[in-house]
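The sequence and its predicted three-dimensional model are supplied below.
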Amino acid sequence: MKRRIVVGAIAAVLVVVLIAVWRPTGLGFKPNIDAESAVLLDMDTGDIWVDINGDVPMPPASVSKLMTEMIVLDQISSGMIRWEDRVPISAYASKMGGTSLSLKRGEFYTIRELLEGVTIYSANDATVALAEYMAGSEASFVLMMNDKAHSLGLSSRTIFTNATGLSGKDLGFTDPNMHISGETMMTARDTAKLAAALIYHHPDILNISSRTQMHLKNKGLYVSNSNFMLPAMGGIYAYEGTDGLKTGHNNRAGYCIAGSAQRDGHRLIAVVMGAKTYESRFEGAAKLFDYGFFRGLQSGDRVKHMMNPLRIRN
């Protein structure tokens, strides 16, 4: 009898341990994310299902390029610029540090090539070249970024100070005539809302952000996507249904991701900011997606269309 009690007690302990360590999100528990902030947005309902320090402003690194992508696609949609427009590379753009396509002063590239460089590879030189082409200078483009943030209803805690998301230290030289000083900061909530607005208004962005690599023909250059969650990447972080959007990293921001995934017509946006390792940002986003898709399966009253992101519920 005592032996049965002991065996039963051991079995109960094992069950508790398994629940604690084996993908608890699959059982409907909110995930524990190893990062400074994280948000999970359901684009079907506009609900924020997970919010960990979602209103705390954080340095976003290249995730802030989502706003650059938004403005490029807005201008293409309005006819202000065209995909095949040839953009000159300035001396300033060619000096951009960090991730770059090694664009040289005096070279020309199309809007399409540069946007692919921004979206797939997070190229800082391509980002600045686009900003200068659309607004005349990066400084004027930054004003456009903040105006767009206001029109989308992003909070005052999100502010853009350059087109790239680079920190002042990473830039390594003085910005020319910048109108807004300080560092770019975004909240996880605002990042999710921006990502949702980008997909809602310009769904074709996912055709670019889901590509595993891009080819810059003039240079014979191939570069790979840094989003290892894409299924076509085939790695250990690949997640079924993932199709974008943006990763970011620098010493100040840590590792960040604004990811999008869709299963059975159900789209989620997962944002992880301030993770300590590139592994933990992908693991955190996967936990958020697991939780969201599990919860979506349990919800019988889910709206069957994509919610206008301007109506996201706070």
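That came in fine, so what should we check first?

alpha carbons only for contacts and neighbour counts from here, please
OK.

what are the ranges of the strands in the stretch 51-200 of the chain?
For the stretch 51-200 of the chain, applying DSSP state E, counting those that start in this stretch gives strands covering 86-88, 108-110.

Would you mark the buried spots in the last one?
For strand 108-110, a neighbour-count test (16 or more other Cα atoms under 10 Å) marks 108-110 as buried.

now the first one
If you call a residue buried by 16+ other Cα under 10 Å, then strand 86-88 has these buried ones: 86-88.

mind putting the strands of the stretch 51-200 of the chain in TSV, distance to residue 242 included?
Output for the strands of the stretch 51-200 of the chain, formatted as TSV (distance: least, Cα to Cα, whole Å):
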stretch	distance to residue 242
strand 86-88	31
strand 108-110	27
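
Can I get those strands in a markdown table including mean pLDDT and distance to residue 186?
Formatted as a markdown table, the strands of the stretch 51-200 of the chain follow (pLDDT from 0 to 100; distance: least, Cα to Cα, whole Å):
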| stretch | mean pLDDT | distance to residue 186 |
| --- | --- | --- |
| strand 86-88 | 97 | 29 |
| strand 108-110 | 96 | 29 |
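
so which of those strands gets nearest residue 293?
Across the strands of the stretch 51-200 of the chain, residue 293 has its closest neighbour in strand 108-110 (38.4 Å, Cα to Cα).

Which neighbouring elements make contact with the closest one?
Applying 3 or more Cα pairs under 8 Å, 6 or more residues apart in numbering; DSSP states H and E, one finds that strand 108-110 contacts strand 86-88.

starting at the chain centroid, how far to the strand it packs on?
26 Å (Cα atoms, centre = their mean, to the nearest Å).

ditto for stretch 94-105
22 Å.

again with stretch 76-87
The chain centroid and the centroid of stretch 76-87 are separated by 24 Å under Cα atoms, centre = their mean.

Quick check: buried residues in it?
81-82, 86-87.

How about stretch 113-127?
113-127.

Tell me where the model's unsure across this structure.
1-28, 172-180, 298-314 (pLDDT under 70).

Nearest to residue 243, out of the strands of the stretch 51-200 of the chain?
strand 108-110 (23.9 Å).

Partner strands of that closest one and their direction?
Strand pairing for strand 108-110, using DSSP bridges, gives strand 86-88 (antiparallel).

which other residues reach the strand it pairs with?
Contacts of strand 86-88 with the rest of the structure, by Cα atoms under 8 Å, 6 or more residues apart in numbering, involve 105-111, 129-130, 133.

Helices - which of the residues you listed land there?
Judged by DSSP state H, the subset of the contacts of strand 86-88 located in helices is 111, 129-130, 133.

Enumerate every residue touching the closest residue to residue 99 other than its chain neighbours.
Among residues not flanking residue 99 along the chain, residue 123 sits closest, at 5.2 Å (Cα to Cα, 6 or more residues apart in numbering). The contact partners of residue 123, by Cα under 8 Å, 6+ apart, come to 99-101, 117.

and of the ones in helices among the contacts of strand 86-88, the nearest to residue 95?
residue 129 (10.9 Å).

PyMOL command for the buried members of the contacts of residue 123?
Buried residues among these (16+ other Cα under 10 Å), as a PyMOL selection:
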select buried, resi 100+101+117
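
nearest to residue 67, of the contacts of residue 123?
Using Cα to Cα, residue 117 is the member of the contacts of residue 123 that sits closest to residue 67, with 14.7 Å.

ok, and the closest non-adjacent residue to the closest one?
residue 123 (5.5 Å).

give me the beta-bridge partners of the residue nearest in space to the middle of the chain?
Nearest to the mean C-alpha position of the chain, counting by Cα atoms, centre = their mean, stands residue 258 at 2.7 Å. Applying DSSP bridges to residue 258 gives these bridge partners: residue 246, residue 271.

how close does it get to residue 95?
Using Cα to Cα, to the nearest Å, we find residue 258 at a distance of 27 Å from residue 95.

for residue 281, same thing?
The gap separating residue 281 from residue 95 is 29 Å, by Cα to Cα.

quick one: which of the two has more around it?
Shown here are residue 281 and residue 95; by other Cα atoms under 10 Å, residue 281 has more neighbours (26 against 19).

you'd agree the more buried one is up against residue 253?
No - with contact defined as Cα atoms under 8 Å, residue 281 does not reach residue 253; the gap is 12.0 Å.
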